[in-house]
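S.K.: What would the 3D arrangement of this be:
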Amino acid sequence: MRKDDFPILLNTGMIYLDNSATSQKPQQVIEAITHFYENSNANVHRGIYRLSQQATVLYEKAHEIVGTFIGASPDEIIFTSGTTDSLNLLARSLSWNLQNGDEIVLTEMEHHSNLVPWQQIAKERGAVLKFIPVTAEYYLDMKKARELITSKTKIVSVVHMSNVLGTINPVHEIAQLAHEVGAVCVVDAAQSVPHLPINVQELDCDFLAFSGHKMCGPTGIGVLYGKKELLRKLVPSTFGGGMIREVSFNDATWADVPAKFEAGTPNIAGAVGLAAAIEYLQAIGMKNIWQHTHSLTEYALTKLSAIEGVTIIGPPKGDNRGAVISFTMNGLHPHDVSELLDKENIAVRGGHHCTMPLMKKLGVQGTTRASLYLYTTKEDVDAFVNVIQNIVSVGSIDKDIVTTENLTEEQEIYKENILDHYKNPRNKKELAEAAVISKEVNPLCGDEITLYLDIEERKIVEAAFTGKGCVISQASASLFAEYVNGLTVEEVQELQQRNILDLLKIPISHTRLKCALLPLRALQKGMEVPVC
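M.R.: The predicted model follows:
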């Protein structure tokens, strides 16, 4: 479906299955942004000259297009930098109405962007966080939701479609529960808006947030929808030009919505690009997009589920799951699986997907995630499944998992050494009486290393580590523990990134570098406390 509209897919030949992270951009959106900069670029709202008026018309038109797209009025549409910014804006603005003991209800499947802002606000205001559980079947426990949402509940904030499980949550029902107790309902729709026909009137949510870049639009532009009467009552949290009505030396009053929440020069080109993306999606039809991705997801789930050793993390086939497929494979780390797929020019995501609490709840370190979109084809799914089948058929860690770079003959030998340290780690154990015990986590994927140093007379007499992670993180820790044995405290304090790279002796990609440096980061953290 329309793959020819996307230059990057034609130029790279890549099978792109990381659409939950960001989507690719059609030529129509690229041209709309270019046309704006070449023909209409000026600041909005203040200029009398023609260019400024053209830019203002385009910017205001974008509010109209977005509003129509989700069943809202233009003045209920606030442009932000993305879903994360929208949720942070809302959390700050709603926090002024919270009192000690008030409750905020979230779910266990929230992205960090719909968890951490509320978490921090709760700490500041003395509010209580509650979480609707995820069942063994990967749905929300709605019976428990009815118990958790009480007269003390002031805010209920839920993800519409999980970026890990693909679960589509019953937002309308949750909104009803919130409204019955006088609470507001906030929806993180970053994953659902690109795929589903969305009407905020039917959902009856009070606020809804989503991003342009996940729906064929540019990065740096997002939307916060809010019911007009609620937006009028909210106090803005960002102040400056464009959002004021009148200013004196000692006070200020605010402009009408949405300008009240759009301080400073907005992302005008981003709004133009988002409007073009919506028009592109509407030309195809959101129902058609949903039917296409739903059908492909059902097909992919059938194929993957038939592969022994692959475990799907998410609901089975059905209408209440989106085009997100997370899975684990026989204990293989998601980063390693992702790297093998990249070797075949297939892009997926591996890690915790910004849902660390959910991963702990599920008892997994992370998952490999394939997310489909309107330009994904059946042939793409077949190619992806075939590579997964081949990885499983190998039955063990292959040396190609270490790196996909072309190596010299000498580097190939070192690659074998890395694989050996992964399969047979040295000094992987706890040292209960160690002078230094320091843990470090890779925030990108959840890999973790705990480093132990036994020190006598300012000399490392034994080093060890524990932890779990990908080939690179575990081999690096094993090599590092061997290397620091016998060094003085002063010598280990001088260790730098280049020392880790000298141990590995092969090219390390930028993302995997964070995995490789985990033991060094643990060392540096542990050495922040003076060592006798």
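S.K.: going forward, measure contacts and count neighbours with C-alpha atoms only.
M.R.: Fine.
S.K.: Tally up the residues packed near residue 510, please.
M.R.: Neighbourhood size, residue 510 [other CA atoms under 10 Å]: 8.
S.K.: go on, residue 37?
M.R.: So residue 37, with other CA under 10 Å, has 14 neighbours.
S.K.: What strand or helix carries the residue lying closest to it once chain neighbours are set aside?
M.R.: Leaving aside its sequence neighbours, residue 37 sits nearest to residue 269 (CA to CA, 6 or more residues apart in numbering; 7.4 Å). In the assignment (DSSP states H and E), residue 269 maps to helix 268-284.
S.K.: Return the residues in contact with the residue nearest to residue 191 when sequence neighbours are not counted.
M.R.: Computed as CA to CA, 6+ apart, the closest residue to residue 191 that is not its neighbour in sequence is residue 161, at 5.6 Å. By CA atoms under 8 Å, 6 or more residues apart in numbering, residue 161 lies in contact with 167, 168, 169, 189, 190, 191, 192, 321, 322.
S.K.: try it again with 6 Å
M.R.: Neighbouring residues of residue 161 by CA atoms under 6 Å, 6 or more residues apart in numbering: 167, 168, 191, 192.
S.K.: quick revisit: give the buried residues for the helix or strand that the helix holding residue 269 is followed by.
M.R.: Scanning forward in sequence from helix 268-284 by DSSP H and E, the next helix or strand is helix 286-305. Across helix 286-305, burial judged by 16 or more other CA atoms under 10 Å covers 286, 288-298, 300-301, 304.
S.K.: Give me the helices and strands touching helix 286-305, please.
M.R.: Counting contacts by 3 or more CA pairs under 6 Å, 6 or more residues apart in numbering; DSSP states H and E, helix 286-305 is packed against no other helix or strand.
S.K.: try 7 Å this time
M.R.: Secondary-structure packing of helix 286-305 (3 or more CA pairs under 7 Å, 6 or more residues apart in numbering; DSSP states H and E): helix 378-394.
S.K.: just how off-centre is the helix it packs on within its chain?
M.R.: Helix 378-394 sits 25 Å away from the centroid of its parent chain (CA atoms, centre = their mean, to the nearest Å).
S.K.: who's in contact with it?
M.R.: 15, 296, 300, 303, 304, 307, 309, 341, 346 (CA atoms under 7 Å, 6 or more residues apart in numbering).
S.K.: Just give the closest residue to the third one, not the sequence neighbours.
M.R.: In space, residue 300 comes closest to residue 381 once its chain neighbours are excluded; the distance is 6.3 Å by CA to CA, 6+ apart.
S.K.: sorry, back to before: now, the most widely separated pair of the buried residues of helix 286-305?
M.R.: 286 and 304 (26.4 Å; CA to CA).
S.K.: what about the strands in the stretch 301-450 of the chain?
M.R.: 310-312, 324-329, 346-347, 349-351, 367-371, 436-441, 448-456 (DSSP state E, counting those that start in this stretch).
S.K.: separation between the residue nearest to residue 191 and residue 524?
M.R.: Distance, residue 161 to residue 524, using CA to CA, to the nearest Å: 39 Å.
S.K.: same deal with residue 506?
M.R.: Counting by CA to CA, the gap from residue 506 to residue 524 is 23 Å.
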